[in-house]
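**Q** take this sequence and fold it.
(one chain, ligands or ions: 1)
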Amino acid sequence: MYVVLSCGRFGYEFVRGLDVDIKDILIIDETADNLSGLEKEGFRVLPIKTFSSDIINSHVKTGDQVFILGDDGRKNLELIKMTRELIPDVTIIVNATNKECEDKMNLIKGVVPIRISDSVRNALKIALEARITEKKATLLRKILQKAKGGTVAIFTHNDPDPDSIASALAFQAICESEGIRSKIYYGGEISHQENKELVRLLEIELNHIKNEDELSIALQNASKIVMIETALPSENNVLPMDIVPNIVLDHHSTNMDVNASDFADIRSDLGALSTALTTYLQKLDVKVDSKLATALLYALKVDTKSFTRNVSSTDLRIAAFLSPFADEELLKRIESPPMSSYTMDVIGKAIVNREIRDGVLFSSVGYVKERDALPQAAEFLLRESGVRVVGLCGIRGFNIHISARSNDKSLHLGEAVKRAFSEYGSAGGHPTSAGVQISLDRVKIKDKSDKELIANEVANMCRKIFFTGLGIDISTKTI
Ligand SMILES: [Mn+2]
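**A** This next block holds a predicted model:
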């Protein structure tokens with residue numbers, strides 16, 4: 001049996017939500033008026049004047065599940081005590097109306113306090129959010145209708161990451177469902193192996209803007225300009241500074257004013273922009289196919305570090321929505337892309353040449369044919385136990401490249417590398433990954449045709465700067 005002692009404002013909804021046969025629920029309350037509705041719905045009710053030991057004794061038995069759902073926390077506490085004295089080992093779920101009551105109730109064994117008011121507030125919040133998204137989605141549809149006949153130009157940020165690629169893809173799907181042509185543009189390059197694999201496996205069509213001419217053609221042909229995961233023209237995107245985009249969608253907060261002529265939605269409450277785009281897809285009834293779902297889910301995973309960082313309840317809800325549509329096999333292949341045999345060779349060389357001092361690993365591989373091999377090898381080297389920072393140096397064309405990786409939380413690798421190398425070339429990056437590029441002219445070598453000599457000189461120079469820059473003493477020999 002389920003016995004409800006006192007119902008309160010939200011208790012009625014709570015009772016209706018219980019996933020049990022309603023004939024097994026008995027509701028006893030001092031407010032008789034409220035009970036008639038429940039009685040009509042088939043619940044067993046018992047209106048009383050006031051709670052007493054007699055009433056509890058004759059209606060509650062050991063083994064019953066007791067709910068105390070009144071609005072008055074102190075009264076609920078008294079009811080707990082009264083019930084407990086008569087039936088010591090009954091479990092009681094109780095409405096803790098405030099923190100003070102909750103703390104007191106938590107001290108009593110077998111009592112589970114809940115904050116019904118918080119649940120209601122959350123439900124209201126979700127309902128309100130849904131309403132706002134619906135309004136925004138309708139507005140977006142209206143705006144896009146005006147772009148019919150032309151091509152919507154969707155711009156991601158430079159070196160697009162999975163979140164911007166998936167979000168752009170979702171925006172394209174919205175355009176498509178409205179019967180509008182669109183093209184996705186990006187500047188910089190698609191760098192990580194995983195990102196390349198995402199684009200390749202899902203056959204995503206992205207247009208690379210390589211120069212001013214290509215940009216002006218793209219802009220001339222655009223009926224609407226959309227910015228995805230980037231909010232300010234010219235900042236980390238190919239758009240000119242003086243342009244006002246029609247639509248801006250981002251999830252990074254910015255101190256600057258976001259300027260959009262038609263529509264802007266900056267969702268800094270979300271872990272990934274893909275979450276926001278998925279809610280638009282839902283509201284606009286756009287079909288989410290397996291390709292799109294896979295891209296969006298992968299983006300969500302990357303941006304939230306597999307749901308461990310910056311993740312909101314909305315992100316989780318959207319992930320749950322996407323996962324049945326996503327292609328698990330494809331997702332796996334994107335996450336661990338195959339390594340080329342060339343990269344394997346570079347890794348082999350990097351392992352042989354490595355030197356480790358105080359958890360800092362430096363290695364050098366001389367001339368490389370594929371630049372991507374360096375970051376992949378650097379990442380691999382970081383897996384060695386005890387290693388916290390990796391610097392891997394290679395030469396490509398007329399430039400020296402260093403890929404650096406770190407798992408040391410007390411270090412900002414990008415800053416460290418910048419301090420060490422900025423006087424030689426360009427250097428910098430993120431807390432856990434960084435890069436350096438130095439022109440070969442900076443290395444003083446007599447015989448410029450002797451590649452082996454050049455590689456040795458470069459390795460010696462970079463080794464010294466790297467170790468010293470990270471505060472490692474290189475005067476002593478290592479074994
Ligand atoms: Mn993102």
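**Q** any idea what residue 391 is bridged to?
**A** Each beta-bridge partner of residue 391 is listed here: residue 362, residue 404, as defined by DSSP bridges.
**Q** how close does it get to the ion?
**A** 28 Å (Cβ to the ion, to the nearest Å). Using the backbone N, CA and C atoms, a C-beta is placed for each residue, glycine as well.
**Q** ok, that residue touching residue 401?
**A** No: contact between residue 391 and residue 401 fails when scored by Cβ atoms under 8 Å: they sit 10.9 Å apart.
**Q** and the residue of this protein nearest the ion?
**A** Using Cβ to the ion, residue 163 is the residue of the chain that sits closest to the ion, at 3.3 Å.
**Q** once you drop chain neighbours, what's closest to that residue?
**A** Closest residue to residue 163 in three dimensions, ignoring its sequence neighbours and counting by Cβ to Cβ, 6 or more residues apart in numbering: residue 299, at 4.2 Å.
**Q** next: residue 106.
**A** Nearest non-adjacent residue to residue 106, counting by Cβ to Cβ, 6+ apart: residue 113, 6.1 Å away.
**Q** what's near enough to touch that neighbour?
**A** Taking Cβ atoms under 8 Å, 6 or more residues apart in numbering, we find residue 113 in contact with 94, 95, 96, 101, 102, 105, 106.
**Q** please identify the buried residues of stretch 155-169?
**A** Neighbour counts over stretch 155-169 (16 or more other Cβ atoms under 10 Å) mark 155-158, 160-169 as buried.
**Q** give the partner strands of the helix or strand where residue 437 lies in its sheet and their orientations.
**A** Following DSSP states H and E, the helix or strand that holds residue 437 is strand 433-439. Next to strand 433-439 in the sheet, as set by DSSP bridges, lie strand 399-406 (antiparallel), strand 426-429 (antiparallel).
**Q** low-confidence regions, the chain specifically.
**A** With pLDDT under 70 as the threshold, the chain has low-confidence stretches at 478-479.
**Q** got the domain ranges for it?
**A** Dividing the chain into domains by automatic domain parsing, as the record does, gives the ranges 2-114, 126-335, 341-469.
**Q** need those in JSON lines (columns: distance to residue 120).
**A** Rendered in JSON lines, the data for these read as follows (distance: least, Cβ to Cβ, whole Å):
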{"stretch": "domain 2-114", "distance to residue 120": "6"}
{"stretch": "domain 126-335", "distance to residue 120": "10"}
{"stretch": "domain 341-469", "distance to residue 120": "40"}
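**Q** got JSON lines for the contacts of residue 113, with secondary structure too?
**A** Conversion of those to JSON lines gives the following (DSSP: H, G, I helix; E, B strand; the rest coil):
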{"residue": "94", "secondary structure": "strand"}
{"residue": "95", "secondary structure": "strand"}
{"residue": "96", "secondary structure": "coil"}
{"residue": "101", "secondary structure": "helix"}
{"residue": "102", "secondary structure": "helix"}
{"residue": "105", "secondary structure": "helix"}
{"residue": "106", "secondary structure": "helix"}
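**Q** among those residues, which two are most distant?
**A** Of all pairs drawn from the contacts of residue 113, the one with the largest separation by Cβ to Cβ is 95 and 106; the distance is 13.7 Å.
**Q** what about the two, which has more around it?
**A** Looking at residue 95 and residue 106 with other Cβ atoms under 10 Å, you find the greater number of neighbours at residue 95, namely 27 against 12.
**Q** how much space separates the more buried one from residue 121?
**A** When Cβ to Cβ, to the nearest Å is applied, the distance between residue 95 and residue 121 equals 14 Å.
**Q** any residues of the stretch 51-200 of the chain in contact with the ion? List them.
**A** residue 163 (Cβ under 5 Å from the ion).
**Q** where exactly do the helices run in the stretch 51-200 of the chain?
**A** Using DSSP state H, counting those that start in this stretch, the helices assigned to the stretch 51-200 of the chain run over residues 53-59, 73-86, 99-106, 116-145, 162-177, 193-201.
**Q** residue 31: which of the ones you listed is closest?
**A** With Cβ to Cβ as the criterion, residue 31 lies closest to helix 73-86 of these, at 12.3 Å.
**Q** sort out which residues of the closest one are buried, please.
**A** 73, 75, 76, 77, 79, 80, 82, 83, 84.
**Q** show me the contacts for the residue nearest the centre of the chain.
**A** What sits nearest the mean C-alpha location of the chain, by Cα atoms, centre = their mean, is residue 304, with 3.0 Å. Under the criterion of Cβ under 8 Å, 6+ apart, the contact partners of residue 304 comprise 271, 272, 310, 311, 315.
**Q** those in strands, which ones?
**A** Secondary structure assignment (DSSP state E) places none of the contacts of residue 304 within strands.
**Q** narrow these to those that are buried.
**A** Burial by neighbour count, 16+ other Cβ under 10 Å: within the contacts of residue 304 this picks out 271, 272, 311, 315.
**Q** I figured the second one was touching residue 161, is that so?
**A** Translated: residue 272. No: using Cβ under 8 Å as the test, residue 272 is too far from residue 161 to be in contact (10.1 Å).
**Q** what do the two both touch?
**A** When contacts are counted by Cβ under 8 Å, 6+ apart, the set common to residue 272 and residue 161 consists of 299, 302, 303.
**Q** tell me if residue 33 really is in a helix.
**A** Yes: assignment of residue 33 by three-state DSSP places it within a helix.
**Q** from residue 19, how far out is it?
**A** 27 Å.
**Q** do residue 420 as well
**A** Residue 420 sits 62 Å away from residue 19, taking Cβ to Cβ as the criterion.
**Q** neighbour count for the two, which is higher?
**A** Under the neighbour definition other Cβ under 10 Å, residue 420 and residue 19 were set side by side, and residue 420 has more, 24 against 4.
**Q** residues in contact with the more buried one?
**A** 427, 465, 466, 468, 469, 470.
**Q** same question, residue 401
**A** Listed by Cβ under 8 Å, 6+ apart, the contact set of residue 401 reads 368, 371, 374, 393, 394, 395, 435, 436, 437.
**Q** can I get the residues you listed in CSV including neighbour count?
**A** Conversion of the contacts of residue 401 to CSV gives the following (neighbours: other Cβ atoms under 10 Å):
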residue, neighbour count
368, 22
371, 14
374, 23
393, 29
394, 29
395, 21
435, 21
436, 27
437, 14
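**Q** any idea which of these is closest to residue 14?
**A** If you rank these by distance to residue 14 using Cβ to Cβ, residue 435 comes first, at 56.3 Å.
**Q** any idea what the closest one is bridged to?
**A** residue 403, residue 428.
**Q** isn't it right up against residue 404?
**A** Yes: with contact defined as Cβ under 8 Å, residue 435 counts as touching residue 404 (6.8 Å).
**Q** which parts of the stretch 251-400 of the chain sit against the ion?
**A** Among all residues of the stretch 251-400 of the chain, those adjacent to the ion (criterion: Cβ under 5 Å from the ion) are 272, 303.
**Q** just the buried ones among the contacts of residue 420, please.
**A** A residue is treated as buried here by neighbour count (16+ other Cβ under 10 Å); on that basis the buried members of those are 427, 465, 466, 469, 470.
**Q** how about the residue nearest to residue 163, secondary structure?
**A** Reduced to three states with three-state DSSP, the structure at residue 299 is helix.
**Q** verify the contact between it and residue 167 for me.
**A** Yes: shown here, residue 299 and residue 167 form a contact pair, counting by Cβ under 8 Å, at 7.1 Å.
**Q** so for those two, which residues contact both of them?
**A** Overlap between the neighbourhoods of residue 299 and residue 167 consists of 273, 274, taking contacts as Cβ under 8 Å, 6+ apart.
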